[in-house]
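> Predicted model and sequence below, questions to follow.
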Amino acid sequence: MNVRRSAAALAASAVLCVGAAPAALAAPSPSAPPAPVIPSGLFGKKDPTYDGVWRQSFALLAQQTVGVKPAEEAVAWLAGQQCANGGFASFRADAAAACDDKTMYDTNATAMAVQALKALGGQDAAVKKGVDWLKSVQNEDGGWAFVPGTPSEGNSTSLVISALAATGEKPAEVKSKAGKSAYEGLLSFQLGCPAEPAADRGAFGYQPADGKLAANADATAAAVLAGLAQGSVVAPAATDTPAAALACPAGSADPAGAAQGAAGYLAEALKKDGHLTAVTPGADQPTADTGNTADAVIALAAAGHKQSAAGALEWLKANSADWSKDSPAALGTLVLAAHATGTDPKSFGGTDLVTALNATGPAARTADASASQAKDEKKDEKDSNQNVWWIVGAGLAAGMGIGVLLSGRRKKNQL
């Protein structure tokens, strides 16, 4: 997950900064940059420029999944970030201003926002607009890019497919103007047979470099969910089998088979240390990749391989506290990992993930508040019913009185 958002930020920066190299070489300003203004309703206290919609979507999706009723202002903030055409930017400081040709649209943010709004319910129009926008920016090869109009890559293609599946769309039927389906776009990023090294077979890549794909854990974990037509919320599987490597020499040409091959790659990659690793800028040695390890656990659970994810799940319980502290997206991802594996998110290695997540944003509507609201609604309904029956009763009484009076008059006239 961290890799995905870092890549997203770099992609956005690259597009925005074309031709701006001389300015980048200027001497830095001696004054410190102003502290970011955190809008009311938004989860997290860090600068939301590159991940505001992303982290909000994960927070709301995780809360909804574990039965927490998100704050109305938090839902309103997310819905308010949507542009009129259905797309989302990573973050819009002034959501009241109309989106225009300068808006930096973000397929990743849109995909996650659509999933969250669908899960929350009552947002059908916003979900449809978001889905329609995602379809409108599909590349001719069937895939998607983080920034619409740029070459497709494995991460964004997978995220969009998962969002489409979560909202009831059939990815195989979502086709580009050139007739390529979303799944054709996805499968073009898998390292099949022969792939060297052989250990990379089944993995998915981000984008080809010099015509060659390299295994990318982030893209691979996301591709498992996409190939299975599965959104980010994964229900614990009824069956549990060990993950297997991609079948060779033929490999797999169907999305579900490709997803299983990708799961096999992740399972093998986790065996060495119990977690995935990544080389961070400036580091001499690979370091633990906590975000993608959490994504891999969700992916393996979705593929029916809980036991293959067991070691990584235990590693996350023991080592994810610092990584996820005060981070809505990280905490939300861990909540979803716990949910996918049937683990209690309120007792995750000694951490109550739900309480920690709730603390990063607007106060959720608690069960007590919901119960009180339901009680008030029931009382209002009861009072309303009583009022109705009182009026009916009064009407009947009045009717009886009028009937007696008329009857008396009739009798008098008969006399």
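Received the coordinates, thanks. Numbers count the residues shown, from 1 in each chain.

> May I ask which helix or strand of the chain has the lowest mean pLDDT?
helix 21-24 (a mean of 41; mean pLDDT, DSSP states H and E).

> Contacts only, for the most centrally placed residue in the chain.
Nearest to the mean C-alpha position of the chain, counting by Cα atoms, centre = their mean, stands residue 112 at 3.5 Å. By Cβ atoms under 8 Å, 6 or more residues apart in numbering, residue 112 lies in contact with 53, 54, 57, 58, 61, 159, 163, 232. Heads up, the C-betas are built off the backbone N, CA and C, glycines and all.

> Please identify the buried residues of stretch 177-195?
For stretch 177-195, the neighbour count (16 or more other Cβ atoms under 10 Å) marks 180-192, 195 as buried.

> Among those residues, name the ones in helices.
In this view, those that belong to helices under DSSP state H are 182, 183, 184, 185, 186, 187.

> I'd like the next helix or strand past whichever helix or strand residue 119 is part of.
Assessed by DSSP states H and E, residue 119 sits inside helix 107-120. Later in the chain than helix 107-120, the nearest helix or strand by DSSP H and E is helix 124-136.

> what mean pLDDT would you report for that next one?
Over the span of helix 124-136, the pLDDT mean works out to 98.

> Tell me which other helices or strands that helix touches.
The contact analysis (3 or more Cβ pairs under 8 Å, 6 or more residues apart in numbering; DSSP states H and E) places helix 124-136 against helix 107-120, helix 154-166.

> Go through these and name the closest to residue 342.
helix 107-120 (19.1 Å; Cβ to Cβ).

> quick one: that closest one to helix 124-136, angle?
150 degrees (axes from the mean of the first three to the mean of the last three Cα atoms, to 10 degrees).

> Let's test this: mean pLDDT of helix 107-120, rounded?
Mean predicted confidence for helix 107-120 is 98.

> and it, how far from the chain's centre?
Helix 107-120 sits 5 Å away from the centroid of its parent chain (Cα atoms, centre = their mean, to the nearest Å).

> Alpha carbons of that helix, as PDB, please.
Output of helix 107-120 as PDB, limited to C-alpha atoms (Å, rounded to 0.1, in the frame of the first residue of the first chain):
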ATOM      1  CA  THR A 107      -8.000   6.400 -10.800                       C
ATOM      2  CA  ASN A 108      -6.700   4.800  -7.600                       C
ATOM      3  CA  ALA A 109      -8.600   7.300  -5.400                       C
ATOM      4  CA  THR A 110     -11.700   6.900  -7.500                       C
ATOM      5  CA  ALA A 111     -11.600   3.100  -7.400                       C
ATOM      6  CA  MET A 112     -11.300   3.100  -3.600                       C
ATOM      7  CA  ALA A 113     -13.900   5.900  -3.100                       C
ATOM      8  CA  VAL A 114     -16.400   3.900  -5.300                       C
ATOM      9  CA  GLN A 115     -15.900   0.800  -3.200                       C
ATOM     10  CA  ALA A 116     -16.400   2.700   0.100                       C
ATOM     11  CA  LEU A 117     -19.500   4.600  -1.100                       C
ATOM     12  CA  LYS A 118     -21.000   1.300  -2.400                       C
ATOM     13  CA  ALA A 119     -20.400  -0.400   0.900                       C
ATOM     14  CA  LEU A 120     -21.800   2.500   2.900                       C
END
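
> can you pull the buried residues of it?
Neighbour-count burial for helix 107-120 [16+ other Cβ under 10 Å]: 107-120.

> Max pairwise distance over those residues: which two?
Most distant of those, by Cβ to Cβ, are 107 and 120, 20.4 Å apart.

> Now residue 323: closest residue in space that isn't a chain neighbour?
residue 290 (4.3 Å; Cβ to Cβ, 6 or more residues apart in numbering).

> Enumerate every residue touching residue 175.
138, 142, 181, 182.

> And these, which two are furthest apart?
Of all pairs in the contacts of residue 175, the most separated under Cβ to Cβ is 138 and 181 at 9.6 Å.

> still on that earlier bit, and the buried residues of stretch 177-195, which is closest to residue 275?
Using Cβ to Cβ, those come closest to residue 275 at residue 191, 21.3 Å.

> and residue 280, what are its phi and psi?
phi -90, psi 150 (degrees, to the nearest 10).

> how near is it to residue 253?
Distance, residue 280 to residue 253, by Cβ to Cβ, to the nearest Å: 35 Å.

> Would you confirm that residue 44 contacts residue 361?
Yes - between residue 44 and residue 361 there is a contact under Cβ atoms under 8 Å: 7.2 Å.

> So which of those two has more stuff around it?
residue 361 (23 against 20; other Cβ atoms under 10 Å).

> and that one, what is it in contact with?
With Cβ under 8 Å, 6+ apart, residue 361 has these contacts: 41, 42, 43, 44, 59, 71, 74, 328.

> Out of those, which sit inside helices?
The helices, defined by DSSP H, take in 59, 74, 328 from those.

> Including pLDDT, could those residues go into TSV?
Shown next, in TSV, are the ones in helices among the contacts of residue 361 (pLDDT from 0 to 100):
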residue	pLDDT
59	98
74	98
328	98
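
> Need those residues in a markdown table (columns: neighbour count).
Shown next, in a markdown table, are the ones in helices among the contacts of residue 361 (neighbours: other Cβ atoms under 10 Å):
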| residue | neighbour count |
| --- | --- |
| 59 | 30 |
| 74 | 22 |
| 328 | 29 |
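
> Residue 208: which of those is nearest?
The closest of the ones in helices among the contacts of residue 361, once distances to residue 208 are taken by Cβ to Cβ, is residue 328, at 33.2 Å.

> show me the contacts for that closest one.
Contacts of residue 328 by Cβ under 8 Å, 6+ apart are 43, 44, 55, 56, 58, 59, 357, 360, 361.

> now swap in residue 38 and tell me
The contact partners of residue 38, by Cβ under 8 Å, 6+ apart, come to 44, 45, 48.

> nearest to residue 303, of these?
Using Cβ to Cβ, those come closest to residue 303 at residue 44, 30.4 Å.

> what about that closest one, distance to residue 69?
In terms of Cβ to Cβ, residue 44 sits 19 Å off from residue 69.

> that older thread, what touches both of residue 138 and residue 181?
Shared contacts of residue 138 and residue 181, counting by Cβ under 8 Å, 6+ apart, come down to 174, 175.

> Great, nothing more from me.
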